[in-house]
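Chemist: Next come a sequence and a model predicted from it.
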Amino acid sequence: MKTLFCIFSFLSINSNASALYGDSIVKISYLVSHQLDSTDKNSVVSFPMILYIAKNSSRFVSPNKLYNDSVAKEGKGISIIKDGTTMTVKRVGNTKKTLVAEEYYEYIKNYSSNKNIILGSIAMQQYQIVDILPTIQWELEGQTKIIAGVKCQKAKANYKGRKWLVWYAPSSFYSNGPWKLGGLPGLILYAADEKEQIIFSIENFQKEKYDKQIIFPSNTTPIVTKEEFNRNLALYNKNRQAYIADTYGIKAESVTSNFKLNEIKKQVINNPIELPEKQ
């Protein structure tokens, strides 16, 4: 963590936008811990996520998802091939990594348009859920703490049905954080809900040359509501063959595969990161 302290020290001196970004992008690695079942403390899974920060946007994405996407471009993993009125779902090799919880999605903050974009895929079709960037009502506290050699300040807020406690670094000059969290006068290094069922903790901080790490969805990517996406995902998990046939406009019996479609089981989560807002 010595590198983290040194970079933060550098940024505290060079605080103008040119020094912060230039032709570079900031890459922050977090370790995420998520208790999938609120009644079972043994249901905790841990996985890495990366926050890329550019001048007017950021992207929170799983390195495992990035790997799976690169594998798919090479023609490996699972692919869907349509030929007229028939469709083949094909799996080549066993090279993909299993994703859990938030790893299925990408979270993009577009500060230029004030939009918050969530990207998710069902049956090889990408969808986007678009909303305005949240204005989280943070309560700043005077308590401080050293995290990875960086002096942080405590803040808390109620957001998406959870009470969040975070530690942010005022010296970082990045008003951002993991997932949808942000809006503080500094980068969030640590965040946890009140029950510590979901935890984000910083692992590494570095600058990279900008090379399309943040890519906005195309205009042809369907926009759906969160409810529509979850409903389609439930239908897909219930009967993949029927869902694929309906999505691509063919008969269910015309969908063939070289493996059992329903053998791919996604983890059941009764404790999602977003909960109903308490009235």
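Modeler: Perfect, thanks for sending it.
Chemist: Could you tell me how far residue 203 is located from residue 68?
Modeler: Taking Cβ to Cβ, to the nearest Å as the measure, residue 203 falls 21 Å from residue 68. For the C-beta atoms, the positions are set from N, CA and C on the backbone; glycine is no exception.
Chemist: Compare these two and say which is more crowded by neighbours.
Modeler: Regarding residue 203 and residue 68, a neighbour count based on other Cβ atoms under 10 Å identifies residue 68 as having more, with 20 against 14.
Chemist: mind checking how far that one is from residue 103?
Modeler: According to Cβ to Cβ, residue 68 and residue 103 sit 9 Å apart.
Chemist: next one: residue 58
Modeler: 17 Å.
Chemist: and if you look at residue 150?
Modeler: Distance from residue 150 to residue 103, by Cβ to Cβ: 26 Å.
Chemist: Which one of these two is surrounded by more residues?
Modeler: Counted by other Cβ under 10 Å, residue 150 and residue 103 do not tie: residue 150 has more neighbours, with 25 against 21.
Chemist: quick one: the more buried one and residue 108, what's the gap?
Modeler: 26 Å.
Chemist: So residue 144 is in contact with residue 155, correct?
Modeler: No. Look at residue 144 against residue 155 with Cβ atoms under 8 Å: they stay out of range, at 11.3 Å.
Chemist: Those two: which is more packed in?
Modeler: Neighbours per residue (other Cβ under 10 Å) separate residue 144 from residue 155, with residue 155 holding more: 22 against 11.
Chemist: which SSE is that one in?
Modeler: Assigned by DSSP states H and E, residue 155 falls within strand 150-159.
Chemist: following that strand, which helix or strand shows up next?
Modeler: By DSSP H and E, the next helix or strand past strand 150-159 is strand 162-169.
Chemist: what angle sits between that following strand and strand 150-159?
Modeler: Orientation of strand 162-169 against strand 150-159 (axes from the mean of the first three to the mean of the last three Cα atoms, to 10 degrees) gives an angle of 160 degrees.
Chemist: Each with direction, which strands does strand 162-169 pair with?
Modeler: Note on strand 162-169: by DSSP bridges, its sheet partners are strand 150-159 (antiparallel), strand 187-193 (antiparallel).
Chemist: quick one: contacts of that strand?
Modeler: For strand 162-169, the external contacting residues (Cβ atoms under 8 Å, 6 or more residues apart in numbering) are 8, 145, 147, 150-158, 177, 181, 184-194, 198, 273, 275.
Chemist: now the helices for the chain?
Modeler: 2-13, 17-20, 63-73, 226-238, 240-248 (DSSP state H).
Chemist: Going by mean pLDDT, which of these comes out lowest?
Modeler: Of all the helices of the chain, the minimum mean pLDDT falls on helix 17-20 (a mean of 42).
Chemist: how far away is residue 26 from residue 48?
Modeler: Residue 26 is 16 Å from residue 48, by Cβ to Cβ.
Chemist: more crowded one of these two?
Modeler: Set residue 26 next to residue 48 and count neighbours by other Cβ under 10 Å: residue 26 wins out with 23 against 14.
Chemist: can you pull the contacts of residue 111?
Modeler: Contacts of residue 111 by Cβ under 8 Å, 6+ apart are 56, 57, 133.
Chemist: right, and residue 202 touches residue 28 too?
Modeler: Yes. Counting by Cβ under 8 Å, residue 28 is a contact partner of residue 202 at 6.3 Å.
Chemist: Would you mind listing where the stretch 1-150 of the chain has pLDDT under the threshold?
Modeler: Along the stretch 1-150 of the chain, the model assigns pLDDT under 70 to residues 1-24, 71-98.
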